[in-house]
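Trainee: Quick one, fold the following:
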Amino acid sequence: MSRPKGELRPGIDGSQPPSAIAKQVLTSNASSAENSLVGARSGPAGTPVRGKGSQPVRSTKVSQKLVLFPPRSIDPSMGMDTEDGLIADQGMPSPSAIEQPSAWPRTAAEHMTQDERDFHKLPRATAYCSGEGYDLTGLRSFLREQHHVSPRLYDECLYAAYHFPLLTLRPGKDNLLNVRVRSASPLPGSESDEDEMDYEEDDYEQEDSKRANKRDLNSDLFLGGELFVFDYGVVVYWNFDRAQELLMLEDLAQFSVRPFRDNPSEEMQIEEMHFQYDTDQVKPRIYNDMITLKSSNHMIKLTLSHGLSQSAVLARYEDIMDKTIEDTKHLPKELAQTGRLVKNRTEITKINGQLFNLRMNVNLVSNVLDTPEIFWSEPALQPMYVAIRGKLHAHPLLPADAFPYSLLDYLEIPQRAKILNDRLKVISDLLSMLRDHLTNFGVEYQTLIIIYLIIVAVIVAFFEIGVKVLQSIRAL
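Mentor: Modelled structure (predicted):
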């Protein structure tokens, strides 16, 4: 039996206890998840109240920073094109555009808070870091056979488009695999999932007839849901509500490698945004965690999903770092006050090993600092990836002090990785000092034992000499 889109199955609407994944999301993002699943409390005008969740640490969650997505590459030798307030080759706002906010008027959705967007049910773009990885080979077959979609593999990412209304299923003899969701059949005459689309964001601007007819532009938009699964343990959803996202996480859990639900020491990390289509905007952009696009091209969303997924993975490492700091911050104070450490050498060495493992994950093992392979084969997509992810570099057409901050930097991944490495270095230096202190203390302890043994040997020798002297006196 199927249900229309938006109808919740038992266990999601609160009639039964939530599943393990739902509980983990409630732990990671308590209030926001509870609003959708169990009818949480409301604030003024019915707006849900949001609590502090396990969210990526970045300033753009509160700074309302504007980043324009570069739609195409222009030869830098052409110089600065500031007709529309952009630097041509990178799509960066010119200084005049920054000084005049009215040059980029905000949409109604961009003025809303995240809670207000959830309340008005605006489309969501959400990344879940739920485990160490995913088996994309098995998952691809599962999605094709059970979810009735046509998944495509883009290097380390598996993409699938879902048609609405999304069907939710119950366990039963006709559903032995306990599949929870399934895509509806595509509408007659709609574009096939197997058809490749051009990823140039502004191609339609060259067609005057389409630009003049907004209805034709809107008819080309794909209004279904889209799924991006990355092999390093992140799932990115576009245009699903939170309940549907959790149901799909349940379906994908069997293909997860070392999921966090089996590891109580780690929490699921969530990067949550909203998006909209607005063909009237001059340039696609992101502002206040609101993504504004001019087309529904899946390659553009794949590019943005790479940034969202890397931010979620980095948030996991930041969470591990925070827990390590919490476990070790009392050690310097304890050493200063008592001159002793509660932790022994073995415990200090274990913590140090965890930090080295974390540093290797950030810099060597994971792809947080790497450029995904797809951008080597599709270089036209890389400027947009850099815009959402961030990059530590100076723009070649501008003086070093032209801007007080990087404009091609929304998720702040390079800066966050650098801060994480700096914190790792500080904690590693502290633990190295403590380990050296314990080593020196052990050497001092051994030295004291040797001194005590020498004193005892001297006392015994004096005792033996005294006994021999007494015996010689008696012999006389």
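
Trainee: Summarise which helices and strands the longest helix seen in the chain is packed against.
Mentor: Identified as the longest helix of the chain according to DSSP state H is helix 413-475. Applying 3 or more C-beta pairs under 8 Å, 6 or more residues apart in numbering; DSSP states H and E, we find helix 413-475 packed against helix 298-328, helix 330-338, helix 345-360. Quick note: C-beta positions are derived from backbone N, CA and C, even for glycine.

Trainee: export the ones you listed to JSON lines and tack on mean pLDDT and distance to residue 417?
Mentor: Compiled in JSON lines, the helices and strands packed on helix 413-475 are given as follows (pLDDT from 0 to 100; distance: least, C-beta to C-beta, whole Å):
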{"stretch": "helix 298-328", "mean pLDDT": "91", "distance to residue 417": "6"}
{"stretch": "helix 330-338", "mean pLDDT": "83", "distance to residue 417": "25"}
{"stretch": "helix 345-360", "mean pLDDT": "84", "distance to residue 417": "11"}
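
Trainee: Give me whichever of these is most buried.
Mentor: helix 298-328 (a mean of 22; mean count of other C-beta atoms under 10 Å).

Trainee: Residue 266: which of the helices and strands packed on helix 413-475 is closest?
Mentor: Distance to residue 266, taken as C-beta to C-beta, is lowest for helix 298-328 among those, at 7.1 Å.

Trainee: Compute the inter-axis angle for the closest one and helix 413-475.
Mentor: 30 degrees (axes from the mean of the first three to the mean of the last three C-alpha atoms, to 10 degrees).

Trainee: Report the angle between helix 298-328 and helix 345-360.
Mentor: Using the same axes, to 10 degrees: helix 298-328 against helix 345-360 is 160 degrees.

Trainee: still on that earlier bit, could you dump the helices and strands packed on helix 413-475 to TSV with distance to residue 182?
Mentor: Below are those laid out as TSV (distance: least, C-beta to C-beta, whole Å):
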stretch	distance to residue 182
helix 298-328	20
helix 330-338	52
helix 345-360	39
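
Trainee: Longest strand in the chain, please.
Mentor: Selection of the longest strand in the chain by residue count, based on DSSP state E, yields strand 269-277.

Trainee: got the contact list for the very next helix or strand once past that strand?
Mentor: Next helix or strand after strand 269-277 toward the C-terminus (DSSP states H and E): strand 285-287. Identification of contacts with strand 285-287 by C-beta atoms under 8 Å, 6 or more residues apart in numbering yields 64-69, 104, 106, 110, 273, 291-292, 387-388, 410.

Trainee: Can you turn the buried part of the residues you listed into a ChimeraX selection?
Mentor: Listed next is the ChimeraX selection for buried residues among the contacts of strand 285-287, using 16 or more other C-beta atoms under 10 Å:
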select :65,66,67,68,69,104,110,273,291,292,387,388,410
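
Trainee: Where is pLDDT lowest across the contacts of strand 285-287?
Mentor: When the contacts of strand 285-287 are sorted by pLDDT, the bottom entry is residue 104 at 66.

Trainee: what pLDDT, on average, does the longest helix of the chain get?
Mentor: 85.

Trainee: which residue packs closest to residue 416, ignoring adjacent ones?
Mentor: Excluding the flanking residues, the one nearest residue 416 by C-beta to C-beta, 6 or more residues apart in numbering is residue 314, at 5.7 Å.

Trainee: when you check the contacts of strand 285-287 against the helices, which ones overlap?
Mentor: 110, 387, 388.

Trainee: Pull the contacting residues for the first one.
Mentor: Residue 110 makes contacts with 287, 288, 290, 292, as judged by C-beta under 8 Å, 6+ apart.
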